[in-house]
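**Q** I would like to see how this sequence folds:
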Amino acid sequence: MLNTPDASSTRPYLLRALHEWCTDNGFTPYVAVLVDETVQVPMEYVKNGEIVLNVSYDATSSMTLGNEFIEFKARFAGTAREIIVPVSRVLAIYARENGQGMAFPMPVAKSDDAPVQTATSPVRTGLSAVDASHAEASSADGDEPPHPTSPSGRPTLTRVK
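**A** Presented below is the predicted three-dimensional model:
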């Protein structure tokens, strides 16, 4: 595979595509955002350093899904607010009605001179603390970590909010 360091991120293109897919199918697109000092949102609605925003055309005005920022105006408790979200801080985009969408890697903290990078492995998992410690022990031995399964032996997925 050709390594092209000058290529732009695929994240803004995927965000626009999934936003369009939600809209075309009558779904309500939501974005989950990891909030830091670069994100302009009503801080009173931020929980655990994250906020979920309705980015449908019905809930926003003057929305721009750009390559660097998502910008729009929206009302929170009747007060108009200007929202600015760096695309790199978007954790996921999904349809409210069925949960279909896409999650993105979480950004990794940056030093003063280094650009923002993303984690190569997910930070949050559906594993419990006991399962996670067993997974660490297994991977240290060179074995594959166990996968969470249901009593029927089928893989399970745990939704983390």
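**Q** from here on, contacts and neighbour counts on C-alpha atoms
**A** OK.
**Q** List the buried residues for stretch 76-86?
**A** Within stretch 76-86, the residues that count as buried by 16 or more other Cα atoms under 10 Å are I83, I84, V85, P86.
**Q** Kindly report the same for stretch 45-52.
**A** E50, I51, V52.
**Q** Over to the residue nearest to Y13 when sequence neighbours are not counted: give its phi and psi.
**A** What sits nearest to Y13 in space, not counting adjacent residues and going by Cα to Cα, 6 or more residues apart in numbering, is N67, at 7.5 Å. Dihedral pair for N67: phi -70, psi -30, per degrees, to the nearest 10.
**Q** wouldn't N67 be in contact with V87 here?
**A** Yes: N67 is within contact range of V87, at 7.0 Å (criterion: Cα atoms under 8 Å).
**Q** Between the two, which contacts overlap?
**A** P12 (Cα atoms under 8 Å, 6 or more residues apart in numbering).
**Q** Would you tell me which helix is longest in this structure?
**A** helix 11-24 (DSSP state H).
**Q** returning to what we had before: more neighbours, N67 and V87?
**A** Taking other Cα atoms under 10 Å, N67 and V87 do not tie; V87 has more neighbours (20 against 17).
**Q** Show me where the chain dips below the pLDDT cut-off.
**A** Counting by pLDDT under 70, the chain shows low-confidence ranges at 1-5, 108-161.
**Q** Okay, helices next: where are they in it?
**A** Counting by DSSP H, the helices of the chain are 11-24, 129-140.
**Q** So which residues make contact with the first one?
**A** By Cα under 8 Å, 6+ apart, the residues outside helix 11-24 that reach it are 28-29, 56, 65-68, 87-88, 93-95, 101, 104.
**Q** and those residues, which are buried?
**A** T28, P29, S56, L65, N67, V87, S88, I93, Y94, A95, G101, F104.
**Q** Leaving out the residues flanking it, which one is nearest to G49?
**A** V35 (5.3 Å).
**Q** From L18, how far out is the one you found?
**A** Noted for V35: a distance of 21 Å to L18, by Cα to Cα, to the nearest Å.
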